[in-house]
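J.: How does the following fold in three dimensions:
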Amino acid sequence: MSMARTFSARSAATALFLSALLFAAFALAEAQFTSDRMRLVTADNKIHEFTVELAIDADQREQGLMFRRSMAPDHGMLFDFGDTRRVMMWMKNTYLALDMLFIDKSGTVRTIHQDAVPFSEAIIDSREPVAYVLELNAGTVKRLGIKPGDRLEGARIVGN
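T.: The predicted structure follows:
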């Protein structure tokens, strides 16, 4: 009986150790993001300031806001694709409901997808070529009255 308990205790300790190792490996593999200040100017000239994390390389764009449990109301994530193309997004492993602004190279909002459903694997299509996607907390588009034609300004936007 004591041998069985020892075996179980060793198995549990080994499993715990392996779990910790996997968690550490995942944490090290997570993409790191830098932040920048950007402003969204609406058609009626209202200015809304945001702190955005920049998803610039493939690893950052792949991770995006996955696994995040919260985001400040004046924060977001800007996906910079480096060129202009039709973009497909999804919400796999994303806890936060999001609004997505699809933005052309000049910084003009072309299309908007509001209230993207957490964990959904449904494709969210830009419907036209864009250079950037700005993800904000769901409800931000409605709350601030953001519409296609509004402009995103900041150092990363080529047209500014």
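
J.: mind listing what residue 42 touches?
T.: 48, 144, 145, 146, 147, 150 (CB atoms under 8 Å, 6 or more residues apart in numbering). Any C-beta I mention is one placed from the backbone N, CA and C, and that applies to glycine too.

J.: How about residue 87: what's its closest non-neighbour residue?
T.: In space, and not counting its chain neighbours, residue 87 is closest to residue 126: 4.2 Å by CB to CB, 6 or more residues apart in numbering.

J.: give the contact list for that neighbour.
T.: Applying CB under 8 Å, 6+ apart, the residues contacting residue 126 are 86, 87, 88, 89, 102, 110, 111, 133.

J.: Assign the fifth one to helix, strand or coil.
T.: For residue 102, the reduced secondary structure class is strand; criterion used: DSSP: H, G, I helix; E, B strand; the rest coil.

J.: could the contacts of residue 126 be laid out in CSV, adding neighbour count and pLDDT?
T.: Formatted as CSV, the contacts of residue 126 follow (neighbours: other CB atoms under 10 Å; pLDDT from 0 to 100):
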residue, neighbour count, pLDDT
86, 11, 97
87, 22, 96
88, 9, 96
89, 21, 95
102, 25, 98
110, 18, 98
111, 18, 98
133, 25, 98
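
J.: Quick check: of the residues you listed, which lies closest to residue 33?
T.: residue 133 (14.5 Å; CB to CB).

J.: any idea what sits nearest that closest one, other than its immediate chain neighbours?
T.: For residue 133, the closest residue by CB to CB, 6+ apart turns out to be residue 79, at 4.3 Å.

J.: Quick one: mark the members of the contacts of residue 126 that sit in strands.
T.: Taking DSSP state E, the ones among these that sit in strands are 86, 87, 88, 89, 102, 110, 111, 133.
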